[in-house]
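Asker: The amino acid sequence is not available; the structure is as follows:
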Ligand SMILES: Nc1ncnc2c1ncn2[C@@H]1O[C@H](COP(=O)(O)OP(=O)(O)OP(=O)(O)O)[C@@H](O)[C@H]1O
Ligand SMILES: Nc1ncnc2c1ncn2[C@@H]1O[C@H](COP(=O)(O)OP(=O)(O)OP(=O)(O)O)[C@@H](O)[C@H]1O
Ligand SMILES: [Mg+2]
Ligand SMILES: [Mg+2]
């Protein structure tokens, strides 16, 4: 295509193109797969809801790791902050309206994102990883100490969310929670699709590849990443709040290094730097783990380990990234 | 008909040993009593929560109830995991038998909860008396900085004050502590005659005891008191000589001398494979199965949580650990607490030797549960 | 007749699934100086990288002193006598200048680095600097010196003059000529400064889209204005 | 009239090495300056000091009369001081089109926008197309940068600088690695920029330098040894010895 | 004063143990640029082998150490050949995925084969007991760990900074393709460095076993500690790792003494402070 763009007719995009571009296709996929899940495993909606909550955490890691190149093993701090914010609001202040709780989780997560962003962005590479570890431990320890508010290591219970819109109760089967979770995920997904394709998203990718180059263009890499951290905190916070609402407890594990590391593993498994990768990674990892640990609660860890190794060997770009590459190759072949 | 029992516990990860003991206790019960109760087969469905993770515990409990259709929930090594699942019980019409988690408040969380293990308050309180009886009046407490540790600290302080002793200092140690040498220095500086400690069983206890010996505190005659978590049987070979003489109070020692226990240990050792791995969660699980079998009997296999729980309130029997009763009011187990000392038997095997019995101990911690 | 130092037959290579070098054949006699020219992105770098074993080869043979090295890994080719100075210089950033040179020594004694210092006194001054702290030209000198220290029988140079001061360029070209004329080394040079390349070379190939579009003597190319215009996009040579 | 750029007594030492030794210079609107000198003379370091990628030990940098010595490099860029890199610094997973679009958006101040796609903005796309066209990169606009040849990456480096519409442009060896056939593109691109713009160019290609520059500064061992007209520089004995070599004899100064 | 001295000695002893255990990781992470989260797994394998040789076979401590090092390296060879070789130069996160996978497998297999109980490595009589320093006593095995740490540090430093092999491995890490193009067989260089790193891991696992007892979950339990030591020191720098170990040991020890309940805060705040002041690690190589 040698003709410069300027000579082309107005770059209006066809409806189909717009559709895929804005991630509407993705949303449709989320909803369809989600509903399939509802009908295929109606008896395990609690797990599916938990998957959605963790998926939000993984998406939020993707924002900073995949799009900005920040190494972090402390992202559960943002998730846990959201969970505790929502949980404390419900248990201590009687704010039990689910939408409000979600909003409080969002704000809590965003604040935690701001705080950890300010700390973590003081270094790069390995040192940054260590800062993120320090942050998660500090958050964890703080929550452990403030047991009056958080229940400490016994967990924060007595979270009793109201029915959504006063109509849909959170029941034993977890139907309400699951539908709510799916809708939240769909909304967040659309917002993030817009975000990563926006000029800001492009700037963030630039920061990931070369912050000095970004500075030479007159933009501040630090401020870009910090903003992304806050957004990421909001997303993780929604996930945390969702977890608090659906399980009605918040434990210290939601602020743990283990959760951070596990979520990162899910992201890499799916494929870093793409929202679909984050979702696929979470779903595959958690379903795999759940099935295996139910089949053999004693030795499933070995198989999960083998899965991770196999993914690196056979799908080095993650499941989604490698899937795309293979699809691309197949498409190219016939021509 | 088959009655399913869902057991949630740590079967992999850092606490896999304790989960393995759950399973050994349950298997032992089946080996001794068969898996039929009044024409109903009992089937166990295991679910793994490797580390305290209430969200996962709750999701699994829910799955057990809704998908697997279990009539009983049991297991629960960690308090938050148990707490998380209590919220389901009423709607699910399922009783829950806690086989380990040791925070007093759990039984208060739902009228459908029973416990066949112990609470930290219960195992801690007697040792304060032991200390006083041995003429120790100044004690420093060192506990791991998390729920059970804090329970132990409060329990000890309360009991020791009642005995007229003085806790000169209370130290809370982060769970991640690897090197206890600086804390030994603190003990020295505190001028206490004895120390009371609570640590989760496993690697830290080993490092703690070694530091105690290596830093000359044992030689200096500082008395060492702890709950039995610190000298659980599976850790004794690793502690080796360093553990000799340690005094702890607990509800169960594998060495307990009774025909019931002999039978239990024989079955449980077989179930667990390596006898050295047998430890206290097994007995909690074993007795838990006893209580569940009684509940099944009472309901004739029908799902009726209220009736089932009602039926075992006040139930007494001889457990491998000694005589026990399910307290009708609190639904927690009343049991003997023993003072034990680590000793070496004729074959060179280390064991907890029971030297004193505190009979029919309830849970003093219940009085402190916030309502 | 002794085997040619470098003989390439029907070579094709590329990146991933894409082919960049197509069906290329040529040979270089001992002690000769071959210049490879071509416009941007025509595959000059790719050709050299393929010879050095750094790209994916699809087919064809590469004979070094008669032996086919096409299937051997990069290190084996280097040990067989192939030297490579990449366009991006590839100085080791965390090694000092001296350490950079030591890596290139292959099995020679450490004292041989003095040869490099004699060639580029500037490097001696900066011997304790890290590679990442060198100026662009210094990096270029280091990369070249490092390869020459390995005493290759065939030296592949990808734009070795880029970023060097005019005086240094002259000296370097002279040094290369001497090395080639002494018969110890055969040189294959990619260069953007067409005039310098033609002054230096005794044989020229011009690439276009991964194929050889012209080959012959430098004087012939200078005379063939049409070819120069078409293949190199330059009006005329002085 | 104020100078666009005014550099006063800059000093920088690396360890014991005085890389920039009391360097002062100024540029007025429309200046076309070539900075030449032997390898390792401190040219790149000088640019780094001016742009704020390095902090000077001493001295000041004034941009349109304002002291920016303490300002971060990004702030200097926003005030119109733009550079290109000697060793290309590009985003290897992004396309040339995205590079230039990002620069244009950044200049407009809308690079932080969190919605919408640049390709939907006519004005931006038009400008991007023009710049890419000017540097002959149109065909490559949707390839990943890691897949394009080095010489083309160099051109993209310049495209980005142009898209920022600077007041002062510092080019560090823009033509290195660019084939002769393409260097004239760079020249034409530079010609198309505002005549008010001051450009400082480092290059070792003397033909280009003499075609481009209206003034030549020679730096050696961190000190300015010559600052004057191109035609005079080939006559300077020190410059001939230290730098030009036989080029001076060829007398090709345009 | 006595207390201060006493704490200083505890800090030194703890710091050196940290050093011995972490230094192998500094080699893989800094020199080979592999984020090797399976470091603890190899240390643990060393511990198990030593325990098996010294306790179950009754071969004694010295033989146990040797068996641990050699055995672990032998186990690691095929793992390097078939797994690690695939991730040299891969993005860090891919390396994380692979090495976590290896760790999970090792944990699972150990749990299955040896059971979940603690394993000990019986000390020889000469290392048992403690040495009286007058104002306090210190365990003899800690003095041994301190000495071994210093010897390891010196040897390793020499190997990396002063030998031709050291230069080759650093070059290979900077740019493997270019190093190969200069005639260096990078696979061999990598395999040897990996073996050295694994040998060090095994040694650390054995020497540190008194403090960090060997059990299946060892592989993950101390991962964060190792990571922090290596990164604060600056990956790949032997002096850096040494200083970092001693410094972190000192901070941890004083924190635990002065305010145990805030020990965690103390420690991680200090880490944040150090990292902010030295973003490349105390003596990190330039990126
Ligand atoms: N890593 C890569 N992946 C895919 N394609 C590549 C890669 N590197 C180069 N190419 C393509 O191969 C072709 C030849 O590139 P090459 O670098 O060999 O050109 P060149 O002649 O050396 O150009 P220059 O004069 O700019 O250095 C180009 O079209 C380029 O786009
Ligand atoms: N960080 C640093 N530490 C030590 N010395 C350095 C550092 N950066 C640059 N130098 C040295 O400073 C001198 C000047 O470098 P600079 O890059 O400015 O040279 P230059 O004039 O641009 O040369 P060239 O034409 O080769 O690009 C060089 O000798 C270089 O080795
Ligand atoms: Mg090239
Ligand atoms: Mg320069």
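Answerer: Received the coordinates, thanks. Note that this is a predicted model, so its numbers are computed, not measured. Ligands and ions are numbered 1, 2, ... in the order given.

Asker: tell me the centre residue of chain C?
Answerer: The residue lying closest to the centre of chain C (C-alpha atoms, centre = their mean) is residue C:157, at 1.6 Å.

Asker: The host helix or strand of that one pairs with which strands, and in what direction?
Answerer: Per DSSP states H and E, residue C:157 falls inside strand C:154-158. Here strand C:154-158 is paired, per DSSP bridges, with strand C:82-85 (parallel), strand C:186-190 (parallel).

Asker: Just name the most buried of these.
Answerer: Scoring the strands paired with strand C:154-158 by mean neighbour count under mean count of other C-beta atoms under 10 Å in any protein chain shown gives strand C:82-85 as the most buried, with a mean of 27. C-beta: built from backbone N, CA, C; applies to glycine.

Asker: Mind putting the strands paired with strand C:154-158 into CSV with mean pLDDT?
Answerer: Shown next, in CSV, are those (pLDDT from 0 to 100):
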stretch, mean pLDDT
strand C:82-85, 94
strand C:186-190, 93
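
Asker: Out of the ones you listed, the one nearest residue E:33 is which?
Answerer: strand C:82-85 (22.8 Å; C-beta to C-beta).

Asker: Please, which helix or strand holds residue 141?
Answerer: Because you didn't say which chain, this covers chain A. helix A:125-145.

Asker: you looked at the wrong chain, it should be chain C
Answerer: helix C:136-149.

Asker: do the biggest helix by length in chain C and ligand 2 meet?
Answerer: Looking across chain C with DSSP state H, the single longest helix is helix C:166-181. No: remark: helix C:166-181 sits outside contact range of ligand 2, by C-beta under 6 Å from any ligand atom, the gap being at least 9.2 Å.

Asker: buried sites along that helix?
Answerer: In terms of neighbour count (16 or more other C-beta atoms under 10 Å in any protein chain shown), helix C:166-181 has its buried residues at C:166, C:167, C:168, C:169, C:170, C:172, C:173, C:176, C:177, C:179, C:180.

Asker: Run through the residues that contact the last one.
Answerer: With contacts defined as C-beta atoms under 8 Å, 6 or more residues apart in numbering or on different chains, the neighbours of residue C:180 are C:31, C:32, C:33, C:186, C:187.

Asker: ok, now the fourth one?
Answerer: For residue C:169, the contacting residues are C:161, C:196, D:204, D:245, taking C-beta under 8 Å, 6+ apart as the criterion.

Asker: how near is the second one to residue B:352?
Answerer: Shown here: residue C:196 relative to residue B:352, a distance of 89 Å by C-beta to C-beta, to the nearest Å.

Asker: More neighbours: these two, which one.
Answerer: Neighbours were tallied for residue C:196 and for residue B:352 using other C-beta atoms under 10 Å in any protein chain shown; the higher tally belongs to residue B:352 (27 against 16).

Asker: still on that earlier bit, and the angle from the strand holding residue C:157 to helix C:136-149?
Answerer: If you take axes from the mean of the first three to the mean of the last three C-alpha atoms, to 10 degrees, strand C:154-158 sits at 170 degrees to helix C:136-149.

Asker: List the contacts of stretch C:195-204.
Answerer: Contacts to stretch C:195-204, defined as C-beta under 8 Å, 6+ apart, come from residues C:28, C:32-37, C:161, C:169, C:173, C:176-177, C:189, C:191, C:214-218, C:221-222, C:237-238.

Asker: mind listing which of those residues are in helices?
Answerer: Within the contacts of stretch C:195-204, residues falling in helices by DSSP H are C:169, C:173, C:176, C:177, C:218, C:221, C:222.

Asker: Which pLDDT does the model give the closest residue to chain A within the stretch 151-300 of chain B?
Answerer: Of all residues in the stretch 151-300 of chain B, residue B:174 sits closest to chain A, at 7.4 Å by C-beta to the nearest C-beta. On the pLDDT scale, residue B:174 is placed at 90.

Asker: which SS state does residue 212 fall under?
Answerer: With no chain named, the answer covers chain A. helix (DSSP: H, G, I helix; E, B strand; the rest coil).

Asker: sorry, should have said chain C
Answerer: Residue C:212 ends up strand, using three-state DSSP.

Asker: which non-adjacent residue is nearest it?
Answerer: residue C:205 (5.3 Å; C-beta to C-beta, 6 or more residues apart in numbering or on different chains).

Asker: Enumerate the residues of the stretch 151-287 of chain E near chain B.
Answerer: Residues of the stretch 151-287 of chain E lying close to chain B (C-beta under 8 Å from any C-beta of the partner chain) are E:210-213, E:215-218, E:220-222, E:225, E:252-254, E:256-257, E:260-261, E:263-264.

Asker: repeat that with 7 Å
Answerer: Counting by C-beta under 7 Å from any C-beta of the partner chain, the stretch 151-287 of chain E comes close to chain B at E:210-213, E:215, E:217, E:221, E:253, E:256-257, E:260-261, E:263-264.

Asker: The stretch 151-300 of chain A now?
Answerer: Going by C-beta under 7 Å from any C-beta, the residues of the stretch 151-300 of chain A near chain B are A:152-155, A:157, A:172-174, A:243, A:247-249, A:251, A:253-254, A:258, A:293-294, A:297-298, A:300.

Asker: Can you flag the buried ones in the residues you listed?
Answerer: For those, buried by 16+ other C-beta under 10 Å: A:152-155, A:157, A:172-174, A:243, A:247-249, A:251, A:253-254, A:293-294, A:297-298, A:300.

Asker: can you give me the offset of stretch B:314-321 from its chain's centre?
Answerer: Relative to the centre of its chain, stretch B:314-321 is centred 16 Å away, using C-alpha atoms, centre = their mean, to the nearest Å.

Asker: how far away is the closest residue in space to residue E:164 that isn't next to it in sequence from residue C:120?
Answerer: Nearest residue to residue E:164 in three dimensions, chain neighbours excluded: residue C:102, at 6.7 Å (C-beta to C-beta, 6+ apart). In this view, residue C:102 and residue C:120 are 15 Å apart by C-beta to C-beta.

Asker: okay, these two: which has more neighbours?
Answerer: Comparing residue C:102 with residue C:120 by other C-beta under 10 Å, the one with more neighbours is residue C:120, at 23 against 20.

Asker: Any regions of the chain where pLDDT drops low?
Answerer: Answering for chain A, as no chain was given. A:1-23, A:332-335 (pLDDT under 70).

Asker: Chain E was what I was after
Answerer: E:1, E:284-287.

Asker: redo that, cut-off 50
Answerer: Where chain E drops to pLDDT under 50, the residues are E:285-287.

Asker: nearest residue to the residue of the stretch 151-300 of chain B closest to chain A other than its sequence neighbours?
Answerer: Counting by C-beta to C-beta, 6+ apart, the residue nearest residue B:174 is residue E:264, at 4.4 Å.

Asker: ok now do that neighbour, which residues does it touch?
Answerer: By C-beta atoms under 7 Å, 6 or more residues apart in numbering or on different chains, the contact set of residue E:264 is A:137, A:141, B:174, B:176.

Asker: Return the residues of the stretch 151-300 of chain B in contact with chain E.
Answerer: So far as C-beta under 7 Å from any C-beta goes, the stretch 151-300 of chain B lies against chain E at B:171-174, B:176-179, B:181-183, B:185-186, B:189, B:203, B:206-207, B:210, B:214-216, B:234-235, B:238, B:240, B:274, B:276-277.

Asker: Provide the strand pairings for the helix or strand where residue E:138 lies, with the direction of each partner.
Answerer: Here residue E:138 sits within strand E:137-139, counting by DSSP H and E. Here strand E:137-139 has these sheet partners by DSSP bridges: strand E:130-132 (antiparallel).

Asker: Get me the contact residues on chain C for ligand 2.
Answerer: Within chain C, the positions lying close to ligand 2 (C-beta under 6 Å from any ligand atom) are C:126, C:129, C:133, C:134, C:135, C:136, C:137, C:138, C:163.

Asker: thinking again about what came up before, could you turn the buried ones of the residues of the stretch 151-300 of chain B next to chain E into a PyMOL selection?
Answerer: To isolate the buried ones among these in PyMOL, judged by 16+ other C-beta under 10 Å, type:
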select buried, chain B and resi 171+172+173+174+176+177+178+179+181+182+183+185+186+203+206+207+210+214+215+216+234+235+238+240+276+277
